[in-house]
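Novice: Task: produce atomic coordinates for the following.
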Amino acid sequence: MIIVLKEGVLNDDVLHRPSEGKVFKGNYIAIIEYYTFLNHWVNKKNLRRFKSEKSLNNFLRKNYNEY
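Specialist: Residues are numbered from 1 along each chain as shown. Predicted structure coming up:
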């Protein structure tokens, strides 16, 4: 399941969640793909992987207020 967290001009920040009862390779429960400003034409892609629901919720609360 893919959830768009924030829409940007160049790229969107997305949350990847596996299907019910499954995990990603490396035993991750969620992966957030987000972008930081590099220059006017390019953003830098960052991946953040989470193994616990608590750390995922803390990251979402800190960086995405609506989640």
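
Novice: Look at the residue positioned nearest the centre of the chain and tell me its secondary structure.
Specialist: Residue closest to the average C-alpha location in the chain (CA atoms, centre = their mean): I32, at 1.6 Å. Counting by DSSP: H, G, I helix; E, B strand; the rest coil, the backbone at I32 sits in strand.

Novice: Make sure it is actually in contact with L47.
Specialist: Yes - if you go by CB atoms under 8 Å, I32 and L47 touch, sitting 7.3 Å apart. In short, each C-beta sits where N, CA and C put it, glycine included.

Novice: Can you tell me how far the residue sitting furthest away from the middle of the chain is from V9?
Specialist: What lies farthest from the middle of the chain is H40; by CA atoms, centre = their mean that is 22.2 Å. Look at H40 and V9: by CB to CB, to the nearest Å, they are 10 Å apart.

Novice: follow-up on the earlier one: so what sits opposite the residue nearest to the centre of the chain in the bridge?
Specialist: Taking DSSP bridges as the rule, I32 bridges to L15, R48.

Novice: Check for me that N57 belongs to a helix.
Specialist: Yes - applying three-state DSSP, one finds N57 inside a helix.

Novice: The chain should start at 38 in everything you say after this.
Specialist: In the new count, where the first residue is 38, that last one comes out as N94.

Novice: That one: neighbour count?
Specialist: Close neighbours of N94, defined as other CB atoms under 10 Å, add up to 13.

Novice: Check it and give its pLDDT.
Specialist: Turning to N94, the model gives it a pLDDT of 94.

Novice: How about the one 5 residues further on?
Specialist: In this model, K99 is scored at 93, pLDDT.

Novice: for the protein, what spans make up the strands?
Specialist: 39-44, 49-53, 67-74, 80-87 (DSSP state E).

Novice: which residues touch the first one?
Specialist: Contacts of strand 39-44 from elsewhere in the structure, counted by CB atoms under 8 Å, 6 or more residues apart in numbering, are 49-54, 69, 71, 97, 101, 104.
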